[in-house]
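Undergrad: my questions are about this predicted structure, shown below with the sequence.
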Amino acid sequence: MSVPEYHDQGPVKIPASVDLNGLAGKSVLVTGGASGLGKAYSEAFAKAGAYVTVVDLNESLGNETVAQLKGSGQFVKCDVTNWDQQVSAFEAAVQNSPHKSLDIVIANAGIVGQDDMFTLEDPTGPPQKPNLKTMEINLTGVLYTTKLAIHYFRRQPVEAGRDRCLILKSSLAGYVDLPGSIQYNSSKFGVRGLMRSLRRTSWKENIRVNLVAPWYIRTPILPAVVQEYLDNKGVGFALVEDCVRAMLLIGSDQAINGA
C-alpha cells in the first residue's frame with residue numbers, strides 16, 4: 001500500500017477498539033521499551049502478534065519485559081545517546097526477527113530530570129557548564145533513532161509490501177509552556193518539529209511518520225512528588241491504555257501519516 005501524501009486533517013480520533021489483525025508478523029522496535037509506557041507498548045504489540053525488540057538501558061527490566069512477551073521478542077541493552085549501540089540494536093531487530101525485517105519503530109525513550117540549565121549562580125564567579133542529559137536522551141537520541149529507522153526502512157524493497165512506520169513520542173509539553181523544565185520542554189517541541197519536517201517528504205519513500213503526545217500519565221518517569229502536586233491542583237491524568245491504543249492504531253492503519 002502506498003503512503004498517502006500528507007495533508008492536514010487534524011488530530012486522529014482514537015476509537016474505543018482497534019483492529020489488530022494487520023500487526024501479526026510485523027517486526028517492531030521500541031526504545032525505552034522496558035518500563036512505563038514503553039513496556040506497555042512492547043507488551044501490546046507482542047500480544048497482537050508482532051515480534052518486538054525491546055531497547056533499553058536497564059538490563060534487569062529489559063529481561064523481565066521480554067520474559068513476559070513469551071517468545072515474541074528480544075531485549076537489546078542500549079544507551080540511546082550512543083550511536084554505535086543504537087546501530088547494534090537495529091541490526092539485532094532485523095536479523096533476529098522472523099522475516100528479517102523492521103516494520104515499525106517507536107522512538108519512546110525519554111526522561112524527566114532535575115534541570116539546572118538556569119539555576120541561580122554566583123554572578124561574580126565563572127559560569128557553570130549545564131548538564132544536557134535530558135536533551136541528549138530526549139532529542140539527540142530520538143534523532144539517532146529516526147535516522148536509523150529511515151535507513152533500515154529503505155533497505156526493504158517497497159514491492160515486499162512491508163510497512164515503514166516511524167512513531168515519535170513527544171508530549172503535550174511539546175505544545176504548551178512548562179515553567180522550570182527548560183530542557184524537557186525544548187526537547188519535546190524539538191521532537192514535534194522533527195515530525196512536522198519529515199511528514200512533508202517521507203511519504204515519497206513510502207515511509208509513514210506520526211507523533212503521539214500524551215498528557216500527564218502515572219508512570220515511573222513522573223516523580224511521585226510531581227504526581228502528588230498535580231493531584232492537589234486537581235489536574236487530571238491520561239491513561240496508559242489510551243496511549244497504547246493510539247500506538248496500535250497508528251501501527252495497524254497504513255493510511256495514517258503525518259498526524
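TA: Happy to help now that I have it. Remember, it's a predicted structure, so these values are computed and weren't measured experimentally.
Undergrad: where does the stretch 151-259 of the chain have low pLDDT?
TA: Applying pLDDT under 70 to the stretch 151-259 of the chain picks out no residues at all.
Undergrad: hmm, try it at 90
TA: For the stretch 151-259 of the chain, applying pLDDT under 90 flags the ranges 156-163, 171-181, 203, 213-242, 253-259.
Undergrad: ok, which stretches of it are strands?
TA: Under the criterion DSSP state E, counting those that start in this stretch, the stretch 151-259 of the chain contains strands at 165-169, 208-212.
Undergrad: Serialize those strands to CSV and add fields for distance to V244 and mean neighbour count.
TA: All C-beta atoms are positioned from the backbone trio N, CA, C, and that covers glycine. Below are these laid out as CSV (distance: least, C-beta to C-beta, whole Å; neighbours: other C-beta atoms under 10 Å):
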stretch, distance to V244, mean neighbour count
strand 165-169, 12, 25
strand 208-212, 10, 24
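Undergrad: distance of G49 relative to N21?
TA: Per C-beta to C-beta, to the nearest Å, G49 is found 9 Å from N21.
Undergrad: more neighbours, the two?
TA: G49 (14 against 9; other C-beta atoms under 10 Å).
Undergrad: just to check, that one is in contact with L20?
TA: Yes. Counting by C-beta atoms under 8 Å, G49 touches L20, with 7.4 Å between them.
Undergrad: and the helices in the stretch 101-250 of the chain?
TA: Secondary structure of the stretch 101-250 of the chain by DSSP state H, counting those that start in this stretch: the helices cover 133-135, 141-155, 182-198, 224-232, 240-252.
Undergrad: looking at these, which is nearest to G71?
TA: The closest of those to G71 is helix 240-252. By C-beta to C-beta, the value is 20.1 Å.
Undergrad: which other residues reach the closest one?
TA: The contact list for helix 240-252 (C-beta atoms under 8 Å, 6 or more residues apart in numbering) reads 12, 14-15, 17-23, 26, 28, 37, 40-41, 44-45, 48, 50, 104, 106, 163, 165, 167, 208, 210, 212, 214, 217-219, 256, 259.
Undergrad: same question, stretch 128-142
TA: So stretch 128-142 is contacted by 31, 80-81, 86, 107, 109-113, 115-117, 121, 168, 183-184, 186-188, 190-191, 194 (C-beta under 8 Å, 6+ apart).
Undergrad: list only buried entries from those.
TA: 31, 80-81, 86, 107, 109-110, 112, 115, 168, 183-184, 186-188, 190-191, 194 (16 or more other C-beta atoms under 10 Å).
Undergrad: mind checking how far Q114 is from I182?
TA: Distance from Q114 to I182, by C-beta to C-beta: 11 Å.
Undergrad: do the same with Y51
TA: 38 Å.
Undergrad: ok, those two, which is more surrounded?
TA: Neighbour tally, Y51 and I182, criterion other C-beta under 10 Å: the higher count belongs to Y51, 25 against 16.
Undergrad: next, give phi and psi for the more buried one.
TA: Dihedral pair for Y51: phi -100, psi 120, per degrees, to the nearest 10.
Undergrad: so the closest residue to V54 other than its chain neighbours, which state does it fall into?
TA: Spatial nearest neighbour of V54, excluding adjacent residues (C-beta to C-beta, 6 or more residues apart in numbering): G33 at 3.9 Å. Under DSSP: H, G, I helix; E, B strand; the rest coil, the three-state class of G33 is coil.
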